[in-house]
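below are the sequence and a predicted model for it; my questions follow.
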Amino acid sequence: MKKRILVTGGAGFLGSHLCERLLNEGNEVLCLDNFFTGQKKNIAPLMANPDFELVRHDVSVPYWTDVDEIYNLACPASPVHYQFDPVQTTRTSVLGAMNLLELAKRTKAKIFQASTSEVYGDPDVHPQPEGYWGKVNPIGIRSCYDEGKRCAETLFFDYHRQYGVEIKVVRIFNTYGPRMHPEDGRVVSNFIVQALKGQNLTIFGEGQQTRSFCYADDLIEGFVRLMATPNGFTGPVNIGNPGEFTMLELAEKVLRLTGSKAKLTFQPLPQDDPKQRRPDISVAQKELGWNPIIDLEEGLKRTIAFFRKELNA
Ligand code: NAD
Ligand code: UDP
């Protein structure tokens, strides 16, 4: 059945892939974005589709419309951008969640929250299962994002318990792919753009910290599967690729796959930068039958091809 679906943050990197997927499945999509980090060009190819609508709006201000489902992705995700106006980042996460939960309550829409592995902070437990409560600094430079997302999860679960709102919460681990902004600031796009421009790759700290990188298409498949789970299944569910790499290993791969002669340059490690991160995906495997398909090497090749075109490099 054709559904009317609101995607907040729909002009961003992940949001634009999600809008495209939902349209391809025959739904009507209402994309809402304030274009803080999103770009019109991400959704330009969708504009000709009569089932697609675009609204410029800030989720920290209430918005009313009739919808069947809501995917809440609105929030800057790169440390550079979420630290640019930290108060606005918390407003986006917390007030945005509350406004959209009110909309879900009123329209009886099912609502999905794009939460994050950052709720685990700089984790003592490795890999991270959903039952781990995390180790997060409440007053540091990452807190506007980490605590904002944690509070959003709290609101989701309280609206579920208190008002019976149907919720689905995903915890996304570092995801990359085509349509990342060249100045996004996250590590995969930074290294690829630097390699293609022949600039030094900026390694923060000694490059021994680890991350697990998921390709965008795999993640979106997990989103759609989670939204389709039976009523009452709320998550949270980790979605990410358990392959774990140091930043030095990532830099080496990017240099090899781009054929770049760029060098490495070492810069100070930002405050509270998590030392290790890898998802335990057993819940996603059991409840969603989900596994990532695209490994880092293949995902990097596709992302490099995108940036070569984007930068004419
Ligand atoms: P992105 O920055 O490309 O997308 C975020 C989108 O939200 C942008 O289009 C931006 O303009 C929009 N936005 C920001 N504040 C808004 C506001 N107040 N009102 C309306 N729109 C607003 O980042 P992304 O990687 O696509 O992330 C999408 C979501 O997934 C975010 O909620 C992010 O926290 C979450 N997430 C992403 C990752 C990842 O690795 N990509 C990891 C964990 C969580
Ligand atoms: N990082 C890096 N060089 C960069 C950007 C990031 O070495 O140019 C490191 C960063 O310190 C962190 C890891 O890469 O340890 C992932 O950073 P990103 O901002 O992509 O995501 P997050 O820290 O939110 O996981």
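Sure, I can see it. Ligands and ions are numbered 1, 2, ... in the order given.

only C-alpha atoms for contact and neighbour calcs from this point on.
Noted.

and the strands in the stretch 1-150 of the chain?
Using DSSP state E, counting those that start in this stretch, the strands of the stretch 1-150 of the chain run over 4-8, 28-33, 52-56, 69-72, 110-116.

farthest from the middle of the protein: give me that residue.
The outermost residue of the chain, judged against the average C-alpha position, is Lys261 (30.8 Å), by Cα atoms, centre = their mean.

mind listing what that one touches?
Ala195, Gly198, Leu255 (Cα atoms under 8 Å, 6 or more residues apart in numbering).

most neighbours among those, which one?
Counting neighbours by other Cα atoms under 10 Å, the top entry in these is Ala195, with 26 neighbours.

could you check the pLDDT of that residue?
On pLDDT, Ala195 comes in at 98.

now do the buried residues in stretch 220-234.
Neighbour-count burial for stretch 220-234 flags Ile220, Glu221, Gly222, Phe223, Leu226, Met227, Thr234 (criterion: 16 or more other Cα atoms under 10 Å).

contacts with ligand 2 among those residues, please.
With the criterion set as Cα under 6 Å from any ligand atom, no member of the buried residues of stretch 220-234 is near ligand 2.

and Phe157, what element?
Assigned by DSSP states H and E, Phe157 belongs to helix 143-163.

average model confidence for that helix?
When pLDDT is averaged over helix 143-163, the result is 98.

run the chain-centre distance for it.
Centroid displacement of helix 143-163 relative to its chain, using Cα atoms, centre = their mean, to the nearest Å, is 16 Å.

if we can go back for a sec, looking at the buried residues of stretch 220-234, spot the one nearest ligand 2.
Ile220 (18.6 Å; Cα to the nearest ligand atom).

residue contacts, the closest one?
So Ile220 contacts Leu14, His17, Leu18, Arg21 (Cα under 8 Å, 6+ apart).

now name the helix or strand holding it.
Using DSSP H and E, Ile220 falls in helix 216-227.

quick one: is that helix near ligand 1?
No. Applying Cα under 6 Å from any ligand atom, one finds helix 216-227 separated from ligand 1 by no less than 7.9 Å.

how about stretch 24-41?
Yes. Stretch 24-41 comes into contact with ligand 1 (Cα under 6 Å from any ligand atom), by way of Asp33, Asn34, Phe35, Phe36, Thr37, Gly38.

show me where this structure has helices.
13-24, 40-43, 79-82, 86-90, 96-107, 143-163, 187-197, 216-227, 247-258, 282-283, 296-311 (DSSP state H).

distance to Lys275 for those helices - can I get that in JSON lines?
Shown next, in JSON lines, are the helices of the chain (distance: least, Cα to Cα, whole Å):
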{"stretch": "helix 13-24", "distance to Lys275": "25"}
{"stretch": "helix 40-43", "distance to Lys275": "32"}
{"stretch": "helix 79-82", "distance to Lys275": "15"}
{"stretch": "helix 86-90", "distance to Lys275": "22"}
{"stretch": "helix 96-107", "distance to Lys275": "29"}
{"stretch": "helix 143-163", "distance to Lys275": "15"}
{"stretch": "helix 187-197", "distance to Lys275": "14"}
{"stretch": "helix 216-227", "distance to Lys275": "23"}
{"stretch": "helix 247-258", "distance to Lys275": "11"}
{"stretch": "helix 282-283", "distance to Lys275": "22"}
{"stretch": "helix 296-311", "distance to Lys275": "20"}
